[in-house]
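K.L.:
the following block contains a protein sequence and its predicted model.
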Amino acid sequence: VQLQAFGGGLVQPGGSLRLSCAASGSIFRINVMGWYRQAPGKQRELVARTSSSGSTYYADSAKSRATISRDNAKNMVYLQMNSLKPEDTAVYYCNADIASSRYGTTYDYWGQGTLVTVSS
């Protein structure tokens with residue numbers, strides 16, 4: 001199983017960005033999918049997550065500015081970020097809880113990260 005995140009880049013303050021993450025490989029079921037970020041010198045933190053039923057949770061730093069969504073048919077998760085600030089600069093990682101078979105154990109998988117830089 002692999003997760004591949006893409007869509008990062010350089011954005012001006014106040015701009016928007018959409019991150020995408022694709023899960024591939026031996027996948028039977030994906031439970032929670034989410035986005036985390038890690039800024040230089042800081043710990044990795046949760047940005048948002050969504051369950052297989054579509055319920056969502058946002059960190060306080062992302063509320064009102066971020067929207068997480070997923071396409072279960074395509075095994076993808078997205079993060080739309082608006083009104084970006086320099087403090088949003090970080091490597092963004094996608095994360096997913098995946099089972100490879102009907103009765104198999106679920107495992108936690110991470111994407112390789114995509115860099116978002118918010119700067120003028």
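P.N.:
The structure has been received and is ready for your questions.
K.L.:
strands of the chain, residue ranges please.
P.N.:
Ranges of strands in the chain, per DSSP state E, are 2-6, 9-11, 17-24, 29-38, 45-50, 56-58, 66-71, 76-81, 90-99, 106-110, 114-118.
K.L.:
dump the ones you listed to CSV, plus mean neighbour count.
P.N.:
Yep, even glycine has a C-beta here, placed from its N, CA and C like the rest. As requested, the strands of the chain are exported to CSV (neighbours: other CB atoms under 10 Å):
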stretch, mean neighbour count
strand 2-6, 17
strand 9-11, 14
strand 17-24, 18
strand 29-38, 20
strand 45-50, 19
strand 56-58, 16
strand 66-71, 18
strand 76-81, 22
strand 90-99, 21
strand 106-110, 14
strand 114-118, 18
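K.L.:
against Phe28, how distant is the one residue sitting closest to the centre of the chain?
P.N.:
By CA atoms, centre = their mean, the chain has its centre lying nearest to Trp35, at 2.6 Å. Distance of Trp35 to Phe28, computed by CB to CB, to the nearest Å: 23 Å.
K.L.:
now Glu45
P.N.:
Going from Glu45 to Phe28 by CB to CB gives 29 Å.
K.L.:
and for Ser51?
P.N.:
16 Å.
K.L.:
compare the two and say which is more crowded by neighbours.
P.N.:
Ser51 (15 against 12; other CB atoms under 10 Å).
K.L.:
list the contacts of the more buried one.
P.N.:
31-32 (CB atoms under 8 Å, 6 or more residues apart in numbering).
K.L.:
please apply the same query to Val32.
P.N.:
49-52, 95-97.
K.L.:
the same query, at a cut-off of 7 Å, please.
P.N.:
By CB atoms under 7 Å, 6 or more residues apart in numbering, Val32 lies in contact with 49, 51, 97.
K.L.:
distance to Tyr78 and pLDDT added to those residues, as a markdown table?
P.N.:
Output for these, formatted as a markdown table (distance: CB to CB, whole Å; pLDDT from 0 to 100):
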| residue | distance to Tyr78 | pLDDT |
| --- | --- | --- |
| Arg49 | 13 | 97 |
| Ser51 | 15 | 95 |
| Asp97 | 17 | 96 |
